[in-house]
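1. here's a sequence, model it:
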Amino acid sequence: MLRMPVKRKRKEERRPNLFAVSVALGISFFISLVLIVLREIAFKNASVADVYSAKISQPIAAIWSIPVNLLPFSLTEMIAVIGLLVVIALTVRGIVRFITRPSWRWQRLLKTALVVLTIALVALSLFIAFHGIHYARSPLADSLGLTVRERSCEELERATVAFARAASEARDGLPEDKNGVLAIDSPQMLFKDSYRGWERASEVFPALESAIRPMPKGVILSHYWSYTHIVGMYMPLFIEVNVNTDQPGFAIPAIAAHEIAHARGFAREDDTNLAGYISCFYHPDPIWRYSGLVSAWKQLSNKLYEEDQERWSNAYAYITPAVARDLKAEREYWKAFETPVATFSTAVNDAYLKANKEAAGVKTYGQVVDLLLAYIETAGDP
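-> Below you'll find the model as predicted:
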């Protein structure tokens, strides 16, 4: 007599436990709320942000960044790529389970929503703790003893000429490719010395001192980043500096210095630009120095062109053919990436900056001109 197989009953779905995730959500919400209130207080009293940055944020970030620095790859990039795939897979799995397993389906959906919200609040807390409050810090010009005031077009021209001369001098003798454009064999080797400019600059300007020494990392998908016009990115959740290494080589050190400045506690883009440039000016490696000088020159040159094209033409005459080749290579490179994606990315960045109370949005980057003019008045020619 044959024994008929017994059909196994599907294991009964257990009711989701919402207690633990609700507690986690409550804790993360409380921490986020405290940080948001602290940030608003800091915007009304910059000394709160200054003390918080020096005594709390930077010491913790210095420790937080150590394990990230040990990784030879970009953690930000890895999570962005793998995380996207995981989210897609989990979303598909969740939809299938929602349809095929009706038991407690709404409770499961609620639990998933609570988990996602908790993760979002944790990310928000880390952002505010390691970056968001820094937007409320005192202006860097005050810390450096610089006098920012309205300048004449003649002063702007003199500064543009001074930076053109300094950049051209620093460019002399640097390695070139077959097209006569500055060549950087290994950005990663260059990044290992990124801290040296900061150390020297901090001896002259103590306000630039910080215990945070992030190691910049080249992004594997750099070429595709260029379609979004992203040249660098600071990820405050990991205190990680990411750099687009597909862009023209002469721009890479200055971009890295800019993102390092974010990691070292500077949030507003004009302050961050100035801090990064100064670290390049004082760097013992001529490639770093040249990158900072020519990047600062571009800011001054663009402003001078807006003010007086004849003066701009006179100032541009101090740019040597070698520097001109680098600038031409950069223009040609970015021309290939003028796409709707780049326009959208710029709009997102503009909205992000305005949300952090930088009223000028992406135009804030250009406000470093006033700081550069104040810097050259105080420190002399670069």
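
2. I'd like the next helix or strand past the helix or strand encompassing Val348.
-> Using DSSP states H and E, the element containing Val348 is helix 340-355. The helix or strand immediately downstream of helix 340-355 is helix 368-379, counting by DSSP H and E.

3. elements contacting that next one?
-> helix 140-144, helix 153-171, helix 269-281, helix 286-307 (3 or more C-beta pairs under 8 Å, 6 or more residues apart in numbering; DSSP states H and E). In this view, the C-beta of every residue, glycine as well, is placed from N, C-alpha and C.

4. could you chop this protein up by domain?
-> Per the record, the chain has its domains at 19-136, 140-379, by automatic domain parsing.

5. between the helices and strands packed on helix 368-379, which one is nearest to Pro187?
-> Comparison of those against Pro187 by C-beta to C-beta identifies helix 286-307 as nearest, at 10.4 Å.

6. give me the distance from the closest one to the chain's centre.
-> 19 Å (C-alpha atoms, centre = their mean, to the nearest Å).

7. quick check: mean pLDDT across the next helix or strand after it?
-> With elements assigned by DSSP H and E, the helix or strand that comes after helix 286-307 is helix 309-316. Averaging pLDDT along helix 309-316 gives 94.

8. how about the very next helix or strand once past helix 309-316: buried residues?
-> Sequence order places helix 321-335 as the next helix or strand after helix 309-316, per DSSP H and E. Residues 322-323, 325-327, 329-330, 334 are the ones in helix 321-335 that count as buried (16 or more other C-beta atoms under 10 Å).

9. same for helix 321-335, what does it pack against?
-> helix 153-171, helix 286-307.

10. tell me which other helices or strands the shortest one touches.
-> What that stands for is helix 153-171. Under the contact definition 3+ C-beta pairs under 8 Å, 6+ apart, helix 153-171 sits against helix 286-307, helix 309-316, helix 321-335, helix 368-379.

11. and the helices and strands packed on helix 321-335 as a markdown table, adding distance to Tyr234 and mean neighbour count?
-> Output for the helices and strands packed on helix 321-335, formatted as a markdown table (distance: least, C-beta to C-beta, whole Å; neighbours: other C-beta atoms under 10 Å):
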| stretch | distance to Tyr234 | mean neighbour count |
| --- | --- | --- |
| helix 153-171 | 25 | 21 |
| helix 286-307 | 17 | 22 |
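
12. for Leu71, find the nearest of those helices.
-> Closest among those, using C-beta to C-beta: helix 286-307, at 23.3 Å.

13. so which elements touch the closest one?
-> helix 153-171, helix 194-204, helix 252-263, helix 269-281, helix 309-316, helix 321-335, helix 368-379.

14. wait, which of these is closest to Ser301?
-> helix 153-171 (5.6 Å).

15. how far does the following helix or strand past that closest one sit from the chain's center?
-> Sequence order places helix 187-191 as the next helix or strand after helix 153-171, per DSSP H and E. Centroid separation for helix 187-191 versus its chain: 18 Å, with C-alpha atoms, centre = their mean.

16. now swap in stretch 83-97 and tell me
-> Counting by C-alpha atoms, centre = their mean, stretch 83-97 comes out at 29 Å from the chain centroid.
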